[in-house]
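Sequence plus the predicted model coming up.
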Amino acid sequence: MNNLSSEKEKRKFPRIPKEVAVNIKKLAYPLQEGPGERGTGKNIGENGICFSTPTSYEPKTMLSLEIKLTGWQHHKKNVSSMLDPLATTAPLTAIAEVIWSKKLSGGRGYEVGVKFVDIYEDDYKALKKHLDRVV
């Protein structure tokens, strides 16, 4: 059995191939200032995301993520999303735990797999609806 099929078997929720911009901040004291590190999402599911980044992160490291996933906001059903036109372009924000990190071939950074640990309930519901419609 190859590594890819064993990874798929461990997942409860499928991942959707999706290239998205990800802003990453390590949650550690003292808190990181500034915009954070840029990454590129490879795939996303309702319980996590895989992205590439110049930095390696150890398993169990906690990260704050801003994921620029176009269209997910349209599935939100709250008043602020109806009144604020910027709410439809806001990134998906989540706290995530690093599950694995591996060096990319050619030495051009790392691929990191994380699971979402904290995400606003309305945002989570909107993400699930968005991913259901993409499949």
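Done, it's in. This one's a predicted model, so the numbers in the text were calculated from it and none came from an experiment.

This structure: helices as residue ranges?
For the chain, the helices defined by DSSP state H occupy 3-10, 79-83, 121-134.

Any idea which residue is closest to the centre of this protein?
Central residue of the chain (CA atoms, centre = their mean): Ile49, 4.1 Å from the mean position.

For it, report the pLDDT, please.
On the pLDDT scale, Ile49 is placed at 95.

Make 447 the first number, not 1, from now on.
With 447 as the first residue, the last one maps to Ile495.

Number of residues surrounding Lys488?
18 (other CB atoms under 10 Å). C-beta: built from backbone N, CA, C; applies to glycine.

From what I see, it and Ile513 are in contact.
No. Lys488 is beyond contact range of Ile513, at 12.0 Å (criterion: CB atoms under 8 Å).

What pLDDT is listed against Lys523?
66.

now swap in Asp564 and tell me
pLDDT at Asp564 comes out at 95.

Okay, and the beta partners of it?
For Asp564, the beta-bridge partners under DSSP bridges are Ile541.

That one and Tyr570 touch, don't they?
No. Using CB under 8 Å, Asp564 is not in contact with Tyr570, being 9.7 Å away.

Neighbour count: those two, which is higher?
Tyr570 (16 against 12).

and the more buried one, what is it in contact with?
For Tyr570, the residues meeting the contact criterion (CB atoms under 8 Å, 6 or more residues apart in numbering) are 492, 562.

circling back to that earlier point, which one of the helices of the chain has the lowest average pLDDT?
helix 449-456 (a mean of 46).
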